[in-house]
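K.L.:
I would like to see how this sequence folds:
(2 chains)
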Amino acid sequence: MFCPQCGASNADTAAICVQCGRNLQPGAPAVPTPAGVVIPPGAPAVNIPNYLVFAILTTVLCCLPAGIPAIVYAAQVNSKLQMGDVAGAQASSNNAKMWCWIAFGLGLASIGIWIVLMLIGAIGSLRQH
Amino acid sequence: MRVIATIRSRRAMLAGLFSASAGLVLLRFYDPASSGLFPPCPLHYFTGLYCPGCGSLRALHQLLLGNWHTAWAMNPLTCVLLPFLIYGLASEVWLWVRGRALPQIFIPGACIYGLCAVIVLFGILRNLPVYPFDLLAPGAMLRL
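P.N.:
Okay, here's the model as predicted:
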């Protein structure tokens, strides 16, 4: 089951949400939106993470196109929330998270390959001397 | 269950904070443009094309030195997005430390699609060898 407050995935038998601690038992009162969060009229009251910050970070810093689908899924999360499609928004949220990790992993892999290439180059130049 | 999840996320958060600060310290003292310490953009390395993020490390290095003019020439998109990214990351850290996020405005999905289009368009335009778009290539504005 997904937490109705923060959208985190929980075991179906969980009593409280692993992420935000909300009571997940049926019939539990909904926790009001935390103070300070501005919700414009028409926006949904549920908070499902769209990972937009991480999507942009991986796009700008990892230099690989995998960040673009992450941003598109982040946009889907918010458009679906606006339409009241909470389940769809949660699915897009999971996809956004997955693509953030793919972009991050590709970035890490390219750093790793770069380090290996540098080491090979250093050893090669040592042998020449 | 909750305790395990908290420990795991705490470790992940500490690892993230540690590597981010280590990266920033390296960026402060080594210029990605000349040191060879930082990996080049794979897209640019293999194709010669600039991606929307090309020059972002050089821009961050120049910002850490206080040269905002050079930073802007390296990657104007990164300079524009940086304040929002810093606020978003600060909100994540605040959520971790204090259990609540910083105040945030709900961004309509259409605005995020627009941002995505701007990023892709920026990536295309900075590869065009035509004035004034060629100024968007990393460092091109420094040659004015």
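
K.L.:
CA atoms for contacts and neighbours, from now on please.
P.N.:
Noted.

K.L.:
quick check: mean pLDDT across stretch B:83-94?
P.N.:
When the per-residue pLDDT values of stretch B:83-94 are averaged, the result is 90.

K.L.:
ditto for stretch B:33-41
P.N.:
The pLDDT scores in stretch B:33-41 average 81.

K.L.:
distance between the ends of that stretch?
P.N.:
Between the opening and closing residues of stretch B:33-41 there is a gap of 12 Å (CA to CA, to the nearest Å).

K.L.:
So what's the residue count around the residue lying closest to residue B:128 once chain neighbours are set aside?
P.N.:
Nearest in space to residue B:128, with sequence neighbours left out and distances taken as CA to CA, 6 or more residues apart in numbering or on different chains, is residue B:134 at 5.8 Å. For residue B:134, the neighbour count with other CA atoms under 10 Å in any protein chain shown is 15.

K.L.:
repeat for residue B:10
P.N.:
Per other CA under 10 Å, the neighbour tally for residue B:10 reads 14.

K.L.:
Helix or strand for it, just tell me which one.
P.N.:
Applying DSSP states H and E as the criterion places residue B:10 in helix B:2-29.

K.L.:
just residue A:49 next, same as before
P.N.:
Secondary structure assignment for residue A:49, by DSSP H and E: no helix or strand.

K.L.:
Could you do residue A:114 as well?
P.N.:
Assignment of secondary structure by DSSP H and E places residue A:114 within helix A:86-128.

K.L.:
Against which helices or strands is that helix packed?
P.N.:
helix A:52-62, helix A:67-82 (3 or more CA pairs under 8 Å, 6 or more residues apart in numbering or on different chains; DSSP states H and E).

K.L.:
the inter-axis angle of it versus helix A:52-62?
P.N.:
Our comparison of helix A:86-128 with helix A:52-62, counting by axes from the mean of the first three to the mean of the last three CA atoms, to 10 degrees, yields an angle of 20 degrees.

K.L.:
what angle sits between helix A:86-128 and helix A:67-82?
P.N.:
Going by the same axes, to 10 degrees, helix A:86-128 makes 170 degrees with helix A:67-82.

K.L.:
so where's the chain uncertain?
P.N.:
You didn't pick a chain, so chain A it is. With pLDDT under 70 as the threshold, chain A has low-confidence stretches at A:2-9, A:11-46, A:63.

K.L.:
please go with chain B instead
P.N.:
Low-confidence segments of chain B (pLDDT under 70): B:1-8.

K.L.:
sorry, back to before: now the helix or strand just after the helix holding residue B:10, how far from the centre of its chain.
P.N.:
Stepping forward along the backbone from helix B:2-29, the first helix or strand reached (DSSP H and E) is helix B:42-47. Here the centre of helix B:42-47 is set off from its chain's centre by 18 Å, with CA atoms, centre = their mean, to the nearest Å.

K.L.:
Helix B:42-47 and chain A, are they touching?
P.N.:
Yes: judged by CA under 8 Å from any CA of the partner chain, helix B:42-47 comes into contact with chain A at B:42, B:43.

K.L.:
So which elements touch that helix?
P.N.:
The helices and strands touching helix B:42-47, judged by 3+ CA pairs under 8 Å, 6+ apart, number zero.

K.L.:
got the CA positions of that helix in CSV?
P.N.:
This file holds the C-alpha atoms of helix B:42-47, laid out as CSV (Å, rounded to 0.1, in the frame of the first residue of the first chain):
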residue,chain,number,x,y,z
PRO,B,42,30.8,11.6,-22.5
LEU,B,43,28.5,13.1,-25.2
HIS,B,44,31.0,15.8,-26.0
TYR,B,45,34.0,13.4,-25.7
PHE,B,46,32.6,11.0,-28.3
THR,B,47,30.5,13.2,-30.6
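
K.L.:
Can you name the residues in contact with it?
P.N.:
Residues from elsewhere that reach helix B:42-47, judged by CA atoms under 8 Å, 6 or more residues apart in numbering or on different chains: A:63, A:64, A:110, B:49, B:50, B:51, B:54.

K.L.:
For the fourth one, which three-state class applies?
P.N.:
Reducing the assignment at residue B:49 to three states with DSSP: H, G, I helix; E, B strand; the rest coil gives coil.

K.L.:
Thank you kindly, that will do.
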